[in-house]
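>>> sequence first, predicted model second:
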Amino acid sequence: MLQPSRRAFLTATATLVAAFWQPNSSQGQTTRTRLILLGTGGGPRPRQASSASAQVIIRNNTAYVIDCGNGVARQLVVADVPLPTLRHIFVTHHHSDHNADYGNLIWLAWTAGLRTQVDTWGPPPLAKMTRLFFEMNETDINARIADEGRVPLVPLVHVHELREGGLVMRDDQVTVRATLVDHPPMVPAFAYRFDAADRSIVISGDTARSDNLVKLAQGADVLVHSAVYLPAVDRLVARVPNATALKRSIIAGQPSAEDVAAWHKRPASRP
Ligand SMILES: [Zn+2]
């Protein structure tokens, strides 16, 4: 078990990363589990300075994507992650800043050469969303199968709707568990934990204080947690007439970075 060597908090308007890990020198570069934050901005509105929520965990050239905010496919390319390495997609909940490019990621990865199975996991109606997405885009999909000789896309995608926490999946790289978090009116909403041989990573999605999440994150090396940066909220609401109500709405159920740090604080080690 790795011991914390440092604790760092990176705050953005929506995502906070608590890093408790140290590189494991016994692991070679090719097997080291990597986490890349592809998008840390809050809200679906496209912005110049940040992208919507998305993360990728990479191990042995296998990509596990968590949430698909707008631009996730391009963010993977910018991060130098080959799109055909996409293997699993985990959706925390169905706010558009977390799922707007769910279908686009699969579709565009396929146009970039994906020929292998993709499993997707998340709350209902993930199966309906997937089916309707492919139906909506069947003109292009059928044309590329006919013109470019691509493998049929629809059979590659296996959808798994999650309704409760617990073991999600396990392969030879990682074990993935989920827990229910508190993000009304999105029910269910999930956080995910990825345990690999060299480190464990937890992605909170959006949530208010969640005892389930505190439990899921215990002993993890890295926790990526949503958080509201209160000065930014003040600047945002200053531009609208109903500032008080909007501020109340934004911060209801959204913790500050300080809140998150307090909830997940490790007990002081005894001398
Ligand atoms: Zn949300």
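Sure, I can see it. Since the structure is predicted, the reported quantities are computational estimates derived from the model, not experimental observations. Numbers count the residues shown, from 1 in each chain.
>>> M169 against V176, yeah?
Yes - between M169 and V176 there is a contact under CB atoms under 8 Å: 5.1 Å. For glycine as for every other residue, the C-beta is placed from the backbone atoms N, C-alpha and C.
>>> who touches both of those two?
When contacts are counted by CB atoms under 8 Å, 6 or more residues apart in numbering, the set common to M169 and V176 consists of H88, W121.
>>> who's more crowded, these two?
Between M169 and V176, counting by other CB atoms under 10 Å, V176 is the more crowded of the two (20 against 15).
>>> ok, and the closest non-adjacent residue to the more buried one?
Excluding the flanking residues, the one nearest V176 by CB to CB, 6 or more residues apart in numbering is V168, at 4.3 Å.
>>> what about the one you found, how many neighbours?
With other CB under 10 Å as criterion, V168 counts 20.
>>> other SSEs contacting the helix or strand harbouring it?
Using DSSP states H and E, the element containing V168 is strand 166-170. Taking 3 or more CB pairs under 8 Å, 6 or more residues apart in numbering; DSSP states H and E as contact, the helices and strands that strand 166-170 lies on are strand 118-122, strand 175-181.
>>> please state the offset of the longest one from the chain centre?
The gap between the average C-alpha position of strand 175-181 and the chain average comes to 12 Å, counting by CA atoms, centre = their mean, to the nearest Å.
>>> related to what we said a few turns ago, and of the helices and strands packed on strand 166-170, who's closest to the ion?
The ion lies closest to strand 175-181 among the helices and strands packed on strand 166-170, at 10.1 Å (CB to the ion).
>>> so where is the stretch 151-271 of the chain shaky, pLDDT-wise?
267-271 (pLDDT under 70).
>>> in the stretch 1-150 of the chain, which residue sits closest to the ion?
For the stretch 1-150 of the chain, CB to the ion, closest residue to the ion: H95, 3.5 Å.
>>> which non-adjacent residue is nearest that residue?
In space, H95 is closest to M186, 6.3 Å off (CB to CB, 6+ apart).
>>> what sits against the one you found?
H93, H94, H95, P123, D206.
>>> the residue nearest to V176 and I89: what is the separation?
12 Å (CB to CB, to the nearest Å).
>>> find residues that contact each of these two.
Joint contacts of V168 and I89 (CB under 8 Å, 6+ apart) are W121.
>>> going on from the host helix or strand of L132, what's the next piece of helix or strand?
Following DSSP H and E, one finds L132 within helix 126-136. Later in the chain than helix 126-136, the nearest helix or strand by DSSP H and E is helix 138-148.
>>> contacting residues around that following helix?
Residues contacting helix 138-148 (CB under 8 Å, 6+ apart): W107, W110, T111, F134, R150, V151, P152, L153, V154.
>>> tabulate the residues you listed (TSV), appending neighbour count and distance to the ion.
Converted to TSV, the contacts of helix 138-148 look like this (neighbours: other CB atoms under 10 Å; distance: CB to the ion, whole Å):
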residue	neighbour count	distance to the ion
W107	21	23
W110	23	27
T111	15	29
F134	16	25
R150	16	34
V151	11	34
P152	10	33
L153	23	28
V154	11	28
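>>> V202: which of those is nearest?
Proximity of those to V202 was ranked by CB to CB; the top entry is W107 with 28.7 Å.
>>> what's the neighbour count on the nearest residue to the closest one once chain neighbours are set aside?
Closest residue to W107 apart from its sequence neighbours, by CB to CB, 6+ apart: N137 at 6.2 Å. Neighbour count for N137, taken as other CB under 10 Å: 14.
>>> surely N137 is in contact with L108?
No - in this structure N137 lies outside contact range of L108 using CB under 8 Å: 10.6 Å.
>>> dig out what G39 forms beta bridges with.
A54 (DSSP bridges).
>>> what's the neighbour count on it?
The burial count for G39: 24, using other CB under 10 Å.
>>> repeat that for D140.
12.
>>> quick check: pLDDT value at the residue nearest to the spatial centre of the chain.
Among the residues of the chain, I66 comes closest to the average C-alpha position under CA atoms, centre = their mean, at 2.9 Å. I66 is assigned 98 on the pLDDT scale.
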